[in-house]
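Novice: Predicted model, plus sequence, below.
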Number of protein chains: 2
Amino acid sequence: MVSEEIALRVTEAATSLGYRPNPIAYGLRTNRSFTVGVLVPDLTNPVFPPIMRGIETTLEAAGYTAILANSDNDAARERTILDAMRGRRVDGLIVATAHRDDPLVAECLAEETPLVLINRKMEQGNVPSVVNDDAAGIAAALDHLAALGHTRIAHIAGPLTLSTAHARYHGLIAAMKARGIAVDETLFVCCEIFNVDEGRRCCALLLDRGRPFTAIVAAHDLLAIGCYETLTARGLSCPRDVSVTGYNDIPLVDRLNPPLTTLRTPLHEMGVEAGRCLLERIADAHAPAREIVVRTELVVRGSTAPPRTALP
Amino acid sequence: MVSEEIALRVTEAATSLGYRPNPIAYGLRTNRSFTVGVLVPDLTNPVFPPIMRGIETTLEAAGYTAILANSDNDAARERTILDAMRGRRVDGLIVATAHRDDPLVAECLAEETPLVLINRKMEQGNVPSVVNDDAAGIAAALDHLAALGHTRIAHIAGPLTLSTAHARYHGLIAAMKARGIAVDETLFVCCEIFNVDEGRRCCALLLDRGRPFTAIVAAHDLLAIGCYETLTARGLSCPRDVSVTGYNDIPLVDRLNPPLTTLRTPLHEMGVEAGRCLLERIADAHAPAREIVVRTELVVRGSTAPPRTALP
DNA sequence: ATGAAAGCGCTAACAC
DNA sequence: GTGTTAGCGCTTTCAT
């Protein structure tokens, strides 16, 4: 309607004058912030940075930015953060802290805040989520150990209120049963958090129980590293005395002594999918809640070997 | 002026009705977003998560939230991100990607955007920054190696456009001179990025030059890890044939084979300080630009030992 | 089709 | 002091 040239000159003038459309004003009017909240337990856990980058990749392309917060596994903090994020009018939420039955998530859902769980899923409620195939992953670890000849297998599980921990725990039991391996629940212990200290503590607990075992399936690489330490402290050698497997294949575990046999999860890809899934929900709050399951791959390294003799 | 009870009832009613002050409207009116932008090269580099957490700690207490972006060391991306952040009307910027002479930073400064550099500083321009004492750190590494008896010492530096790399490079040379150790610049090589691949490549380069050395001072832990790999690949042993030191003490380097001798930098604290410093600048854009220098501590582990014989 | 005006939720400036 | 109003920069609605 107006000449091309004029249009161009106007645009030029605008930029040269330093004009930038103000997203705050835009947001006020349209009631959107083009911001999404990402809630993780602790960014320092090496699984989260790649996930964050994946999320960023997707969101950025769609003009969204992420605001990140760490809950440190503290429900009160989680509540504060979630409130603050909703107060800031985030357009959606990506939550990596959810428990299998999480009132905070339920609340967000009730308020119709678009929400996607990552590395977590809800027991019920039809919440979109991105997870890896925990049962298959843990079964692969078990298969590997069984093939090496292990039959007395211990498990350090995560807190069973977390879906991943729950799925790995029950997946392992199911896999053991399927393969005719005796399930001795005194060889199963649950940690409180996925970190090295807890791995150390749980491994000691296992050893102190006095029931013989030749392998430990840990529900997280950091737990496996804790096992390394306790084993060393007790004068035991991995893999000679005890084989250990981890979960997630975080950076540098391939260079530990011994290199850790673990399950590789495509963390970046999970982040990408979570972002995509959230954008879908933002576009249509009543879109069907998809559950995206990514593949997990066993990476065999030096921490697993045939059993020498049952311990202790 | 109005009765306590009424006031309480009003507040109650407000919350029960789900009222939340709208920060978007607030921001539109006051021209503040209570948001700061944090720009890092790559969150996946283990130095950044603790820094982020430190930043978060400070900002959160002051009611600010951080939006994070990764530049992947790409100047064009950096520009896009910075534009996007300023477009979003961030109240300030924390930048970990700056070069010693960075036009983008200069531009932000010219626009009077409050800005703090972290783990970087500018050659000139009086920009507030939080850094560790690179010269002292690298000198501590050198002292340690010298005390072990090393005299032929190689250095894998970072890109010299980065202030940390620059300070470590020149700090090392100064320290060598001060101790009467011959400075052979053919034993110095600069990498392009701080990562394992570059460490591998640079170590190979050093070996291929054919000048004998018994120790490598790497400007980053990831570079040191790359050295491990090349040394192993060439049939050399660390620390028997070559001692290696890193920088930053990132997680798990204490559990490598051998455990890495490195310099511990208080990353979380640096984040906290950067946040604090930025808040100061936001409160008063013309506050004096402080340069905060945190202490660095040498952590001696298994990757350094007395020299056996000069290589190759 | 095009242009004018109202209003998003809040605060700051202004009268009273 | 206290209550009212204008207006932040944008979109959307409503006249024209």
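Specialist: Yep, it's here. Quick caveat: nothing in here was measured; it's all calculated off a predicted structure. Residues are numbered from 1 along each chain as shown, chains lettered A, B, ... in the order given.

Novice: what ranges do the helices span in the stretch 201-312 of chain A?
Specialist: For the stretch 201-312 of chain A, the helices defined by DSSP state H, counting those that start in this stretch cover A:221-233, A:267-283.

Novice: Chain B: which of those helices is closest?
Specialist: Of all the helices of the stretch 201-312 of chain A, it is helix A:221-233 that lies closest to chain B, at 6.7 Å by C-beta to the nearest C-beta. Any C-beta I mention is one placed from the backbone N, CA and C, and that applies to glycine too.

Novice: related to what we said a few turns ago, quick one, which of the helices of the stretch 201-312 of chain A is nearest to DNA strand C?
Specialist: DNA strand C lies closest, by C-beta to the nearest atom of the strand, to one member of the helices of the stretch 201-312 of chain A: helix A:267-283, at 18.8 Å.

Novice: Against which helices or strands is the strand or helix carrying residue A:93 packed?
Specialist: Secondary structure assigned from DSSP states H and E places residue A:93 in strand A:92-95. Judged by 3 or more C-beta pairs under 8 Å, 6 or more residues apart in numbering or on different chains; DSSP states H and E, strand A:92-95 is in contact with strand A:35-40, strand A:115-118, helix A:267-283.

Novice: Would you mind finding the most buried of these?
Specialist: strand A:115-118 (a mean of 28; mean count of other C-beta atoms under 10 Å in any protein chain shown).

Novice: Quick check: residues of the stretch 1-150 of chain A near DNA strand D?
Specialist: Contact residues, the stretch 1-150 of chain A versus DNA strand D (C-beta under 7 Å from any atom of the strand): A:20-22, A:25-26, A:28-30.

Novice: Tabulate the residues you listed (JSON lines), appending secondary structure, neighbour count and pLDDT.
Specialist: As requested, those are arranged in JSON lines below (DSSP: H, G, I helix; E, B strand; the rest coil; neighbours: other C-beta atoms under 10 Å in any protein chain shown; pLDDT from 0 to 100):
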{"residue": "A:20", "secondary structure": "coil", "neighbour count": "13", "pLDDT": "84"}
{"residue": "A:21", "secondary structure": "coil", "neighbour count": "9", "pLDDT": "86"}
{"residue": "A:22", "secondary structure": "coil", "neighbour count": "15", "pLDDT": "90"}
{"residue": "A:25", "secondary structure": "helix", "neighbour count": "14", "pLDDT": "93"}
{"residue": "A:26", "secondary structure": "helix", "neighbour count": "14", "pLDDT": "92"}
{"residue": "A:28", "secondary structure": "helix", "neighbour count": "19", "pLDDT": "91"}
{"residue": "A:29", "secondary structure": "helix", "neighbour count": "10", "pLDDT": "91"}
{"residue": "A:30", "secondary structure": "helix", "neighbour count": "11", "pLDDT": "91"}
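
Novice: the helices in the stretch 1-150 of chain A, which residues?
Specialist: Under DSSP H, counting those that start in this stretch, the stretch 1-150 of chain A gives helices at A:4-16, A:23-30, A:48-61, A:75-87, A:103-110, A:134-148.

Novice: List the residues that contact residue A:34.
Specialist: Contact partners of residue A:34, counting by C-beta atoms under 8 Å, 6 or more residues apart in numbering or on different chains, are A:23, A:27, A:63-65, A:91.

Novice: and these near DNA strand C, which?
Specialist: Among the contacts of residue A:34, no residue is within reach of DNA strand C (C-beta under 7 Å from any atom of the strand).

Novice: how about the nearest residue to residue A:32 once chain neighbours are set aside, what does it touch?
Specialist: Leaving aside its sequence neighbours, residue A:32 sits nearest to residue A:91 (C-beta to C-beta, 6 or more residues apart in numbering or on different chains; 5.6 Å). With contacts defined as C-beta under 8 Å, 6+ apart, the neighbours of residue A:91 are A:32-36, A:64, A:114, A:282.

Novice: Perfect, that will be all.
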